[in-house]
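# Got a predicted structure here, sequence first:
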Amino acid sequence: MLIRGESGTGKGVLARTIHARGKRTGQPFVTVHCPSLSGELLESELFGHARGAFTGAVEATEGKVAAAEGSTLFLDEIGDLPLALQPKLLRFLQEKTYERVGETRTRSGDVRIVAATNRNLEADVAAGRFREDLLYRLNVIEVTLPPLRERRRDLTAIANHLLKFFARQTWKDVRRFSPEASAAINRHPWPGNLRELRNAVERGVILATDDEIGLSHLPTQIGTTPAAGRVEVGGAVTLEALEAEHIRRLLATSPSLEDAAATLGIDPSTLYRKRKKLGL
């Protein structure tokens, strides 16, 4: 299964839910965060290594594939998997076999793979950064999580759920949002999606002095979002507002400032200055 969506839309939460509701729920849910390690270390993290396989390998390790035997392996941000490692993952997906780093013994594994990405993998395939055959193999079942700005009907319910959760966590009798806070939550574009909303509500619960979260308890950028709400192409908005919204959304979905600048066709230093000027 391949889960697509912007950063912060809850791809990891969905992956855990899929695991919890399946036949493998009693087994461990194993996660590998692909951008966090170099190619050599990531291969070892996935498949394990023999003692002495590389500098620092003082003892053998089994790897996450073995740890997920009979269970679910979640490959977070699969689009950042190094190109050199992609054929080995493809082989495991197709043949269920692999070798540990530094070994010649072929091992087999029964693992369900759930991958997630915030990247446009088709564009990465066209640019030579991602194997097309691996994309096809991962994409047996595809689920796309919409950004929070496209889930306005769910926003109030999600915010209230988070309020109750953090109120229990902090042992505080916070029960509702003020009308001003609710209005600000509903018009904010939420470029950070569920992660941003979660952080905002947690902050609100912590700072609330009675049973209500007020506008002053929310992060400043939420209270200052223009009342007109989401900026739309072709709408009655200025070029400056349109540019600000475009940059805000692009920064929320790009892996880095450099990637966002490349998409915009400007230097990272120029984007940095624009972001600072716009308060993003």
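Alright, I've got the coordinates.
# how many neighbours does residue 40 have?
16 (other CB atoms under 10 Å). Placement of C-beta: from N, CA and C, glycine included.
# hang on, residue 115 in a strand?
Yes: under DSSP: H, G, I helix; E, B strand; the rest coil, residue 115 sits within a strand.
# pretty sure it is touching residue 78, no?
Yes: using CB atoms under 8 Å, residue 115 is in contact with residue 78, at 4.0 Å.
# between these two, which one's more packed in?
More crowded of residue 115 and residue 78, by other CB under 10 Å: residue 115, with 28 against 25.
# Got the confidence number for the more buried one?
Note for residue 115: predicted pLDDT of 97.
# who are the neighbours in contact with it?
By CB atoms under 8 Å, 6 or more residues apart in numbering, the contact set of residue 115 is 1, 2, 3, 74, 75, 76, 78, 138.
# what is in contact with residue 115 and residue 78 at once?
With CB under 8 Å, 6+ apart, residue 115 and residue 78 have common neighbours 2, 138.
# quick one: low-confidence parts of the stretch 151-280 of the chain?
Applying pLDDT under 70 to the stretch 151-280 of the chain picks out residues 225-237, 252-253, 255, 279-280.
# what do you get if the cut-off is 90, keeping everything else the same?
Along the stretch 151-280 of the chain, the parts satisfying pLDDT under 90 run over 151-154, 183, 186-192, 220-280.
# can you pull out the helices in it?
152-170, 179-187, 193-207, 220-223, 239-253, 257-264, 268-278 (DSSP state H, counting those that start in this stretch).
# Mean neighbour count for these - can I get that in JSON lines?
Listed next are these as JSON lines, based on neighbours: other CB atoms under 10 Å:
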{"stretch": "helix 152-170", "mean neighbour count": "15"}
{"stretch": "helix 179-187", "mean neighbour count": "17"}
{"stretch": "helix 193-207", "mean neighbour count": "19"}
{"stretch": "helix 220-223", "mean neighbour count": "15"}
{"stretch": "helix 239-253", "mean neighbour count": "17"}
{"stretch": "helix 257-264", "mean neighbour count": "16"}
{"stretch": "helix 268-278", "mean neighbour count": "14"}
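# could you dump these to CSV with distance to residue 22?
As requested, the helices of the stretch 151-280 of the chain are arranged in CSV below (distance: least, CB to CB, whole Å):
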stretch, distance to residue 22
helix 152-170, 24
helix 179-187, 34
helix 193-207, 23
helix 220-223, 37
helix 239-253, 29
helix 257-264, 34
helix 268-278, 42
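# Select, out of these, the one closest to residue 70.
helix 193-207 (30.3 Å; CB to CB).
# Distance from the chain centre to the closest one, please.
17 Å (CA atoms, centre = their mean, to the nearest Å).
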